[in-house]
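Peer 1: how would this look folded up:
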Amino acid sequence: MYATVSPHVETARRIVAVVRDRDVTFLAASVAYYAFISLVPSLLLLVAVASAVLGDAFATIVLAESRAFLTPAGQETVATAIASAEGRTGATLLGAVVLGWSTLKVFRGLDTAFQAAYGITEPSTLVGELSDAAVVAVGIGTGIVSMIVIGTLVAGSEILPAIADVPGVEVVGLLVLPVVLVVVFLPMYYVLPNRPMSVREAIPGTFLAAAGWTVLQVGFQAYAATAGQYQVYGVLGGILLLVTWLYLAAIVVIVGAVANAVIADRQLQGDPGRPTDMGDREDTEARATSDDETPRGAPDVAALEAEVRRLRADLDEFEDDVERRTVDRPRLETELKTYVRKRMRRGHARGWGPYLVLLYGTVLTLGAFRYLEGGYAIGAMLILGLSTLGLYTLFVLVGVGLNVLEAPGKAVDYVRNRGDD
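Peer 2: Predicted coordinates for the structure are as follows:
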């Protein structure tokens, strides 16, 4: 007896298979890279806005909290940008431009990953891409901000000491975070796939992504709480930790899309009220078979004879066309043999004999003019002219003799061709 596999286990296996087949980890790496690139302009924009709205003290605290993943040069750049009004304006413009570019890149990566998860190859329209990009930017941005705010509450940051001292705020924060993530992720899983979606189909991946990001947040906080005792890599360690977190977060988001695609496909195959294409074809063939087996009465003999005559005429026309297009093998073999025999009888020294005679006369004449003088040169020219004429006559005689020798072979070929015809 074979062990019965649970449907949930089979679904998990299919999700893992699709993740491996669609290169989800590679797509997640590209998304994580552009997300990491967008952090510095996001921080510039956030600090500039915070310093303008809430004062320099709040911006200084936010900048101090970013030391875990910013190099000293990066911290100095951000601090210089917010030191004056002109710096804040420039930081705001630069942060907005770079943030918009990196956000579009993140969206393109997620869009490619979602289409790969659903097996969709049709490109989406420009308006659809822009609307989807806005949804993704709002969703991912709100999710990250929510995690930062709740992480600050749980960690008891110096930014909000009054709230951090409230009993049970850590537990409330961890319970609220999944709910917030579900709310911000659901529109993304509903809008981003380039296919008709329902809210029910988008829910499994939404819950999976929310749970995964919550676990990553807890792990990140646990590491941050103990990392102060093992500061070996310094800023580099913080950057590596941040990139790893972004990479895992991107994998969780894309795996959520794969889960939605796999679960929707299983529901489509298991719903008796929504037959698949294979079921439609089987029903159509069954109806066609039953229609063919239904008696229709006696056939018309005259119509059958006319149909047979038409089919015979079509067959004759087809045979004639095939014969016209088919090469006559015996005739082709005869022509090839004739050509080969002609080439074998034809000598290689024919055709270039006059050129040899001309070369002979030219070389000797130049030699006579170079090395002889007076009457000797004239006598040499006469001798060369007679010898050249003699050689040319010799080549002509040889050519005529070869043609005479080829006459019997030509006669035999003519007789063979007549016999083959």
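
Peer 1: where along the stretch 151-300 of the chain do the helices fall?
Peer 2: Assigned by DSSP state H, counting those that start in this stretch, the stretch 151-300 of the chain shows helices spanning 161-164, 169-191, 199-227, 235-270, 277-293.

Peer 1: Compare the mean pLDDT across these and name the weakest.
Peer 2: Mean pLDDT is lowest for helix 277-293 out of the helices of the stretch 151-300 of the chain, coming in at a mean of 46.

Peer 1: quick one, what contacts residue 102?
Peer 2: For residue 102, the contact set (C-beta atoms under 8 Å, 6 or more residues apart in numbering) comprises 34-35, 37-38, 41. (Each C-beta comes from the backbone N, C-alpha and C, glycine too.)

Peer 1: confidence score at it?
Peer 2: Looking at residue 102, its pLDDT reads 73.

Peer 1: host element of it?
Peer 2: Using DSSP states H and E, residue 102 maps to helix 85-118.

Peer 1: That helix versus helix 199-227: what angle between them?
Peer 2: Relative orientation of helix 85-118 versus helix 199-227 (axes from the mean of the first three to the mean of the last three C-alpha atoms, to 10 degrees): 130 degrees.

Peer 1: how big is the angle separating helix 85-118 from helix 169-191?
Peer 2: Taking the same axes, to 10 degrees, one finds helix 85-118 and helix 169-191 inclined to each other by 60 degrees.

Peer 1: by how many degrees do helix 85-118 and helix 235-270 diverge?
Peer 2: On the basis of the same axes, to 10 degrees, helix 85-118 is oriented at 40 degrees to helix 235-270.

Peer 1: per-domain residue ranges of the chain.
Peer 2: Domain ranges of the chain: 7-276, 301-332, 346-420, per automatic domain parsing.

Peer 1: before we move on, what SS does residue 30 have?
Peer 2: Three-state call for residue 30 (DSSP: H, G, I helix; E, B strand; the rest coil): helix.

Peer 1: That one: what's it in contact with?
Peer 2: Contacts of residue 30 were listed using C-beta under 8 Å, 6+ apart, and they are residue 109.

Peer 1: For it, give me the pLDDT.
Peer 2: For residue 30, the predicted pLDDT is 84.

Peer 1: Quick check: the gap between it and residue 241.
Peer 2: The gap separating residue 30 from residue 241 is 20 Å, by C-beta to C-beta, to the nearest Å.

Peer 1: what's the answer for residue 101, then?
Peer 2: According to C-beta to C-beta, residue 101 and residue 241 sit 25 Å apart.

Peer 1: higher neighbour count, those two?
Peer 2: Per other C-beta atoms under 10 Å, whichever of residue 101 and residue 241 has more neighbours is residue 241, with 17 against 14.

Peer 1: Check the burial of the nearest residue to the more buried one once chain neighbours are set aside by counting its neighbours.
Peer 2: Excluding the flanking residues, the one nearest residue 241 by C-beta to C-beta, 6 or more residues apart in numbering is residue 223, at 6.8 Å. Neighbour count for residue 223, taken as other C-beta under 10 Å: 12.

Peer 1: that older thread, pLDDT, secondary structure and distance to residue 187 added to the contacts of residue 102, as CSV?
Peer 2: Formatted as CSV, the contacts of residue 102 follow (pLDDT from 0 to 100; DSSP: H, G, I helix; E, B strand; the rest coil; distance: C-beta to C-beta, whole Å):
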residue, pLDDT, secondary structure, distance to residue 187
34, 82, helix, 21
35, 79, helix, 19
37, 78, helix, 24
38, 74, coil, 20
41, 70, helix, 24
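
Peer 1: just those now: which is nearest residue 356?
Peer 2: Nearest to residue 356 among those, counting by C-beta to C-beta, is residue 34 at 77.1 Å.

Peer 1: Go ahead and confirm that closest one touches residue 110.
Peer 2: No. Counting by C-beta atoms under 8 Å, residue 34 stays clear of residue 110, with 9.8 Å between them.

Peer 1: dump the residue contacts of residue 411.
Peer 2: With C-beta under 8 Å, 6+ apart, residue 411 has no contacts at all.

Peer 1: what about the regular element (helix or strand) spanning it, average pLDDT?
Peer 2: Using DSSP H and E, residue 411 sits in helix 375-420. Mean pLDDT, computed over helix 375-420, is 74.

Peer 1: Likewise for stretch 309-324?
Peer 2: 83.

Peer 1: May I have it as CSV, with CA atoms only?
Peer 2: Extracted C-alpha coordinates of stretch 309-324, given in CSV (Å, rounded to 0.1, in the frame of the first residue of the first chain):
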residue,chain,number,x,y,z
ARG,A,309,-15.5,10.6,-58.7
ARG,A,310,-14.4,13.8,-57.3
LEU,A,311,-11.9,12.1,-54.9
ARG,A,312,-10.5,10.1,-57.8
ALA,A,313,-10.0,13.2,-59.9
ASP,A,314,-8.2,14.8,-56.9
LEU,A,315,-6.0,11.7,-56.5
ASP,A,316,-5.1,11.7,-60.2
GLU,A,317,-4.2,15.4,-60.1
PHE,A,318,-2.1,14.8,-57.0
GLU,A,319,-0.2,11.9,-58.7
ASP,A,320,0.5,14.0,-61.8
ASP,A,321,1.9,16.8,-59.6
VAL,A,322,4.1,14.4,-57.7
GLU,A,323,5.4,12.9,-61.0
ARG,A,324,6.2,16.4,-62.3
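
Peer 1: what's the spacing between the nearest residue to residue 102 once chain neighbours are set aside and residue 24?
Peer 2: Distance criterion C-beta to C-beta, 6+ apart; nearest residue to residue 102, sequence neighbours excluded, is residue 38 at 3.4 Å. Between residue 38 and residue 24 the distance is 21 Å, computed by C-beta to C-beta.

Peer 1: now do residue 199
Peer 2: Remark: distance between residue 199 and residue 24 (C-beta to C-beta) = 24 Å.

Peer 1: Please apply the same query to residue 215.
Peer 2: 18 Å.

Peer 1: what does residue 242 give?
Peer 2: Taking C-beta to C-beta, one finds residue 242 at 21 Å from residue 24.

Peer 1: neighbour-wise, which of these two wins?
Peer 2: Shown here are residue 242 and residue 24; by other C-beta under 10 Å, residue 24 has more neighbours (22 against 18).
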